[in-house]
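> the sequence and its predicted three-dimensional model are supplied below.
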Amino acid sequence: MLRDSEAKKWWQLKKKCSISSYAISALKITRLLVDDTSTKKRIGTEMLILADILAFSISNLVGCKLIIVDAKNEAKGFYQKKWFQ
């Protein structure tokens, strides 16, 4: 999967070089929030699993190829432990 920073670099390069390309269908998670009182209860993990199932289930219909996460710096470790790069 592409990291959000890699996707940004690609689009910047595309603009600079006028590269034509096909759009990549993606599911973007912009904010995934679990209340402080609910941490360590696997709620965030379950929401990620649900997002993954959703992406997989629509991939044949809309060609969803990847999931992009726009995470805060303090949450990056959580996503990296799950399967995101």
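Happy to help now that I have it.
> rest of the way, CA atoms for contacts and neighbours
Fine.
> which helix is the longest one in the chain?
When the chain is parsed with DSSP state H, its longest helix is helix 43-62.
> and the helix or strand just after that helix, how far out from the chain's middle?
Later in the chain than helix 43-62, the nearest helix or strand by DSSP states H and E is strand 66-69. With C-alpha atoms, centre = their mean, to the nearest Å as the basis, strand 66-69 stands 2 Å off its chain's centre.
> which other helices and strands contact strand 66-69?
Helices and strands touching strand 66-69, by 3 or more C-alpha pairs under 8 Å, 6 or more residues apart in numbering; DSSP states H and E, are strand 26-29, helix 43-62.
> okay if I get these as CSV plus mean pLDDT, distance to residue 37 and mean neighbour count?
Shown next, in CSV, are the helices and strands packed on strand 66-69 (pLDDT from 0 to 100; distance: least, C-alpha to C-alpha, whole Å; neighbours: other C-alpha atoms under 10 Å):
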stretch, mean pLDDT, distance to residue 37, mean neighbour count
strand 26-29, 81, 22, 15
helix 43-62, 84, 11, 14
